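Participant: pasting the structure only:
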């Protein structure tokens, strides 16, 4: 793992070992540009400061836990890789913890804190409404990353978050379809009892219809099935198949995640419905697989690199004690590919 | 996390707490059926024995590290989820450690052993040739899971492994195409310097051609690009695009992984080549995404559940001291879907 050591990093950056040490330890007495250069060099060389030696001195580990719900949502997998890179840039190691869908991530975090000496926790995805009293029990810095639904009964200066504006982006995606002449727009939303991301995107969809004088038709809204893994291709496939059986007329489908949209493409394919000739389709997230599907998927891309960087930077700001809690909203961007047809 | 405790498990299984404890600790004095029932109940209820309390008593942690290379190969992601379930069935927790492609997994394992009190290590994927002296330094039980290329200069009773017979399965996959009338069979293999799984499947391909009187044509073999992540859709897409530009005639393509095959479908789509009407295509692994591609992908399915169970069972056999080193070869199975056409 450590083919390079701290002396190699110092030599490569043309600085002394103590300067590298200051960069790693977020010491204030260092030129910001020098620090950035050193952290980049550390990341490029996969250098990880020797925890064992450091722990003896500092009596604390250099580990950030990332809690992730599910592994079928490709978007979160992509986020993990970027978070790991950013965490390493700060000279820490990432501990990845899986959370099952029927488990409470805050309970798991509380257990982890007891068992491991963590310096911080990143909650990747998930729904934090009604979890406030538990979040307050966490005595290590944490951040909610890509969490659509923020806890409502906790003060904004008691926690940090990074997300996209799910309602606004859902609005933009729907409006894009409307501008392409679509009025009968079906939607695959989250589960009916979901209070997070899925629901916010659905709210944006409804608002866009309303603002454009299109009556909302509840028959056009599908919900993820609770008996199949959330945000999986299989879920998108099954709900679309059921929807098609009802013969409700529609010209476009907006799925709240790319993985759901990819499952929908398969359901259309089996039914002999061509995308985009017969039906237009859009997803949300901007995962790699959407580039390679046939047709390639038009989607609302989440700025994963920026989100990963902001998540880790805000968290280390709190850890180092010089940063306040922040709520960063990143901008998603429309990625036009091949799955939407303009209606006349 | 622990909504149920050991008393709940005992009650549900109709046994005493001490029996549950014996099952968890692999105590020999327990009826095997009762043990299986208890471990299943533990898994079904996501019950995790209380590590903290146990550690005080046993002076050791109940953690198994899983080292995985890359996160773009969907097959390995599916394996992680199953390994985690099996590890939990034994009352242990899984620590997932990512290894970058340019890092040596054995080095990382040696570092981990120093820093954490691990009871065992599972190497998921990877190539272990020429790593023998290092593997011998590991002083915790380990197993190579889905590792195609076994280390040659280490005795078989010094380590354990679980894999499919990559050469034989590559042979079967190629023979299936030959039986469907294909003679000009292109292949996407691993990188040219790869000594593991990819190369073994290529060897099987060559042997099948030879046994069926078809001359091997090196022009039909593509190699993954070293500048793009291994076994990614992007890699499959790019090499297929380059291959098509050379205008080498072929009627079928065998990709050594499903993810590579999914990238190839996209390259065919862009070139106006229809699968399977114009070209037949097969993958290897049996990942979920292959069920939902258009057309659905014919592949050689790896028995992931069996492989995960064998991996964990063999490892715990060694940990508990009553198992010898084993080398389990699992059977892959042909999954016929829509991507192969029979030639006349």
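Facilitator: Looks like it arrived, so ask away. Remember, it's a predicted structure, so these values are computed and weren't measured experimentally. Residues are numbered from 1 along each chain as shown, chains lettered A, B, ... in the order given.
Participant: every contact and neighbour count from this point should use C-alpha atoms.
Facilitator: Noted.
Participant: and residue A:161, what does it touch?
Facilitator: Counting by C-alpha atoms under 8 Å, 6 or more residues apart in numbering or on different chains, residue A:161 touches A:143, A:144, A:145, A:146, A:147, A:311, A:326, A:327, A:328.
Participant: and what of residue A:251?
Facilitator: By C-alpha under 8 Å, 6+ apart, residue A:251 lies in contact with A:182, A:183, A:184, A:185, A:186, A:278, A:279, A:280.
Participant: buried stuff in stretch A:168-175?
Facilitator: A:168, A:169, A:170, A:171, A:172, A:173, A:174, A:175 (16 or more other C-alpha atoms under 10 Å in any protein chain shown).
Participant: can you put those in a markdown table and add secondary structure?
Facilitator: Shown next, in a markdown table, are the buried residues of stretch A:168-175 (DSSP: H, G, I helix; E, B strand; the rest coil):
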| residue | secondary structure |
| --- | --- |
| A:168 | helix |
| A:169 | helix |
| A:170 | helix |
| A:171 | helix |
| A:172 | helix |
| A:173 | helix |
| A:174 | helix |
| A:175 | helix |
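Participant: next, format the contacts of residue A:251 as JSON lines and append secondary structure, pLDDT and distance to chain B.
Facilitator: Below are those laid out as JSON lines (DSSP: H, G, I helix; E, B strand; the rest coil; pLDDT from 0 to 100; distance: C-alpha to the nearest C-alpha, whole Å):
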{"residue": "A:182", "secondary structure": "coil", "pLDDT": "98", "distance to chain B": "25"}
{"residue": "A:183", "secondary structure": "coil", "pLDDT": "97", "distance to chain B": "27"}
{"residue": "A:184", "secondary structure": "coil", "pLDDT": "98", "distance to chain B": "25"}
{"residue": "A:185", "secondary structure": "strand", "pLDDT": "98", "distance to chain B": "23"}
{"residue": "A:186", "secondary structure": "strand", "pLDDT": "98", "distance to chain B": "20"}
{"residue": "A:278", "secondary structure": "coil", "pLDDT": "98", "distance to chain B": "16"}
{"residue": "A:279", "secondary structure": "coil", "pLDDT": "98", "distance to chain B": "16"}
{"residue": "A:280", "secondary structure": "strand", "pLDDT": "98", "distance to chain B": "16"}
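Participant: export those residues to a markdown table and tack on distance to residue A:267?
Facilitator: Below are the contacts of residue A:251 laid out as a markdown table (distance: C-alpha to C-alpha, whole Å):
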| residue | distance to residue A:267 |
| --- | --- |
| A:182 | 20 |
| A:183 | 21 |
| A:184 | 19 |
| A:185 | 17 |
| A:186 | 14 |
| A:278 | 13 |
| A:279 | 12 |
| A:280 | 13 |
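Participant: quick check on the residues you listed: which are buried?
Facilitator: With burial judged by 16+ other C-alpha under 10 Å, the buried subset of those is A:182, A:183, A:184, A:185, A:186, A:279, A:280.
Participant: which residue packs closest to the third one, ignoring adjacent ones?
Facilitator: Beyond its immediate neighbours in the sequence, the residue positioned closest to residue A:184 (C-alpha to C-alpha, 6 or more residues apart in numbering or on different chains) is residue A:250, lying 4.6 Å away.
Participant: for the stretch 201-344 of chain A, what spans make up the strands?
Facilitator: A:221-223, A:252-255, A:280-282, A:299-301, A:327-330, A:333-335 (DSSP state E, counting those that start in this stretch).
Participant: partner strands of the first one and their direction?
Facilitator: Translated: strand A:221-223. strand A:185-189 (parallel) (DSSP bridges).
Participant: ok, now which ones touch residue A:239?
Facilitator: Residue A:239 makes contacts with A:188, A:222, A:223, A:224, A:225, as judged by C-alpha under 8 Å, 6+ apart.
Participant: out of those residues, which one sits closest to residue A:118?
Facilitator: residue A:224 (34.8 Å; C-alpha to C-alpha).
Participant: what residues does the residue nearest the centre of chain A make contact with?
Facilitator: Compute the mean C-alpha point of chain A, and by C-alpha atoms, centre = their mean the closest residue is residue A:146, 4.1 Å away. Residue A:146 is in contact with A:124, A:125, A:161, A:162, A:163, A:164, A:307, counting by C-alpha under 8 Å, 6+ apart.
Participant: just to revisit the earlier point, contacts with chain B among the buried residues of stretch A:168-175, please.
Facilitator: With C-alpha under 8 Å from any C-alpha of the partner chain as the criterion, no member of these is in contact with chain B.
Participant: point out the residues in chain A that sit beside chain B.
Facilitator: Counting by C-alpha under 8 Å from any C-alpha, chain A sits next to chain B at A:1, A:51-52, A:71, A:77, A:81, A:95-97, A:103-105, A:107-108, A:111, A:115, A:233-234, A:237, A:262-263, A:265-266, A:269, A:289, A:292-294.
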